[in-house]
Every structure is written in structure tokens, then in C-alpha cells.
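Trainee: sequence and predicted structure below; questions after.
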Amino acid sequence: GNPREFVTNPGFGPGRLKTTEAIRALAARGGVIGLSPNRFMTLRGVETTLDEYCEMVAWAADRFGVDHIGVGTDFCPGHPPGIRD
């Protein structure tokens, strides 16, 4: 899931996104949140650019700590295959 506070209008409903409070609780226990470029969980859906995805990663690292975020560029319906590169 991606941070709900950053992705304000997801394409697939907010339930896939995590609240800031939940991510902070996860980080406090040593956990990691995976950040996905999946078009249903990004700022502008399929139009989201690599730079915008990286902005979300940087935003999350600033708030939760780099040790508590992971990057998951697995299969993303609708995105070109190059997004995984």
C-alpha cells in the first residue's frame, strides 16, 4: 500500500492505501511499507511519471525513515513495461 496522505484520490479506493498513523505504528515496530507504482494506488493513475513516483518515495522516507520503506515495482496493470526498469 501507498500513503493515503500523499495519494489523495486513488483509482481503486482508499482502502488500498495506508494512513499516516498506521505507517508510523508499523515503523515504530520496525516494519516496512512497500511503495508501489500500481496505477490504482498512485497520484495520477496510469499518467503518474517516474519522477512523481520518486517524489512519493522521498516523501515517505522523510516522514517514516528510509529503513521503513521498500520499493516494489512488480506487475503494474496499464503501466508500460519500462516502469519496472
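Mentor: Nice, I can see it.
Trainee: rest of the way, CA atoms for contacts and neighbours
Mentor: OK.
Trainee: how about low-confidence regions in the protein?
Mentor: Residue ranges of the chain with pLDDT under 70: 11-13, 74-85.
Trainee: go again with 80.
Mentor: Residue ranges of the chain with pLDDT under 80: 9-16, 39, 46, 72-85.
Trainee: what ranges do the helices span in it?
Mentor: Taking DSSP state H as the criterion, the chain carries its helices at 20-28, 50-64.
Trainee: how far does stretch 5-15 stretch from start to finish?
Mentor: By Cα to Cα, to the nearest Å, the extent of stretch 5-15 from end to end equals 12 Å.
Trainee: I'd guessed Ala27 sits against Arg63; true?
Mentor: No. Contact between Ala27 and Arg63 fails when scored by Cα atoms under 8 Å: they sit 10.2 Å apart.
Trainee: ok, these two, which is more surrounded?
Mentor: Neighbour totals were compared for Ala27 and Arg63, and Ala27 leads with 17 against 12 (other Cα atoms under 10 Å).
Trainee: residue contacts, the closest residue to Leu43 other than its chain neighbours?
Mentor: With Cα to Cα, 6 or more residues apart in numbering as the measure, Val7 is the residue that lies nearest to Leu43, at 4.8 Å, once sequence neighbours are left out. Applying Cα atoms under 8 Å, 6 or more residues apart in numbering to Val7 gives the contacts 17, 41-43.
Trainee: please report the distance of Val7 from Arg29.
Mentor: Counting by Cα to Cα, the gap from Val7 to Arg29 is 24 Å.
Trainee: which non-adjacent residue is nearest Asn9?
Mentor: Spatial nearest neighbour of Asn9, chain neighbours left out: Leu43 (6.8 Å); criterion: Cα to Cα, 6+ apart.
Trainee: pretty sure the one you found sits against Glu5.
Mentor: No. Applying Cα under 8 Å as the test, Leu43 and Glu5 come out as separate, 10.3 Å apart.
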